[in-house]
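Chemist: What follows is a predicted structure for the sequence shown.
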Amino acid sequence: MVYNATGAGAFRSKAGSLSEKICAEFSQIDTAIDSAKINIVDLTASMNSSTSLAANGVDLASGTNHTYYAVFMAPVACTIVSMDSYLTEAYVKETTDAKIELIDNAASPVTRATYTLPLAGRAVKTMVSTAPVSSATAALAAGDMLNLAITESAASAGTGHAKVFLRYTVN
């Protein structure tokens, strides 16, 4: 959200008491500040093809599951807002449902966010924002590591590549 200050004339013509109008204005400012605090990191930045957009990111249809370790380390205490998946190649399911998961690197790993691609497939350039599994799994302590786990569909008729981004706020 972008905050645009209300001019004096528009402010004067708003309904409500002076304190109601000021509180409404402060609420808009607070929402804009919260939006500005969101950080975005590309978890698949090192998984790029310099020759093809379609081959960028993680493969969703090679038939071999992969875990990419330590794709993110929390620099300070922070909270996961969402895991965003962007398809650089259309997803077509062959056998297994493709799934993208953020799992912490703890002794007893906990899934922080998960997205299972739909049976019907997905078009290229589709972006899906996935909320954390729960509010408890959204919290990261300084130094917490996240792994990116990919469950892949088979490759003979299946297709798909995705970029994965993490949105988080600093506590």
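Modeler: Noted; the coordinates are in hand.
Chemist: Please look at residue 43 and residue 162 and confirm they touch.
Modeler: No. Look at residue 43 against residue 162 with C-beta atoms under 8 Å: they stay out of range, at 10.4 Å. C-beta coordinates here come from the backbone N, C-alpha and C atoms, glycine included.
Chemist: the more surrounded of these two?
Modeler: A count of neighbours by other C-beta atoms under 10 Å puts residue 162 above the other of residue 43 and residue 162, at 28 against 23.
Chemist: Correct me if wrong: that one contacts residue 100.
Modeler: Yes. Contact criterion C-beta under 8 Å: residue 162 and residue 100 qualify, at 6.6 Å.
Chemist: Common neighbours of these two, please.
Modeler: In terms of C-beta atoms under 8 Å, 6 or more residues apart in numbering, residue 162 and residue 100 are both contacted by the residues 58, 60, 85.
Chemist: Send over the helix or strand of the chain with the lowest mean pLDDT as CSV, restricted to the C-alpha atoms.
Modeler: Least confident helix or strand, the chain: helix 18-36 with a mean of 84, by mean pLDDT, DSSP states H and E. Extracted in CSV, the C-alpha atoms of helix 18-36 (Å, rounded to 0.1, in the frame of the first residue of the first chain):
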residue,chain,number,x,y,z
LEU,A,18,-11.6,15.3,14.6
SER,A,19,-10.2,12.4,16.7
GLU,A,20,-12.0,9.9,14.4
LYS,A,21,-10.5,11.5,11.3
ILE,A,22,-7.0,11.6,12.9
CYS,A,23,-7.2,8.0,14.0
ALA,A,24,-8.3,6.9,10.5
GLU,A,25,-5.4,8.8,9.0
PHE,A,26,-2.9,7.2,11.4
SER,A,27,-4.4,3.8,10.6
GLN,A,28,-3.6,4.3,6.9
ILE,A,29,0.0,5.4,7.8
ASP,A,30,0.4,2.3,10.1
THR,A,31,-0.7,0.0,7.3
ALA,A,32,1.7,1.6,4.8
ILE,A,33,4.6,1.3,7.3
ASP,A,34,3.8,-2.4,7.8
SER,A,35,3.9,-3.0,4.1
ALA,A,36,7.2,-1.2,3.8
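Chemist: got the contact list for that helix?
Modeler: The contact list for helix 18-36 (C-beta under 8 Å, 6+ apart) reads 1-3, 6, 11, 14, 16, 169.
Chemist: Pull out the buried residues from stretch 144-153.
Modeler: Residues 144, 146-153 are the ones in stretch 144-153 that count as buried (16 or more other C-beta atoms under 10 Å).
Chemist: Repeat that for stretch 89-101.
Modeler: Within stretch 89-101, the residues scored as buried using 16+ other C-beta under 10 Å are 89, 91-94, 98-101.
Chemist: For residue 9, see how far away residue 17 is.
Modeler: Remark: distance between residue 17 and residue 9 (C-beta to C-beta, to the nearest Å) = 18 Å.
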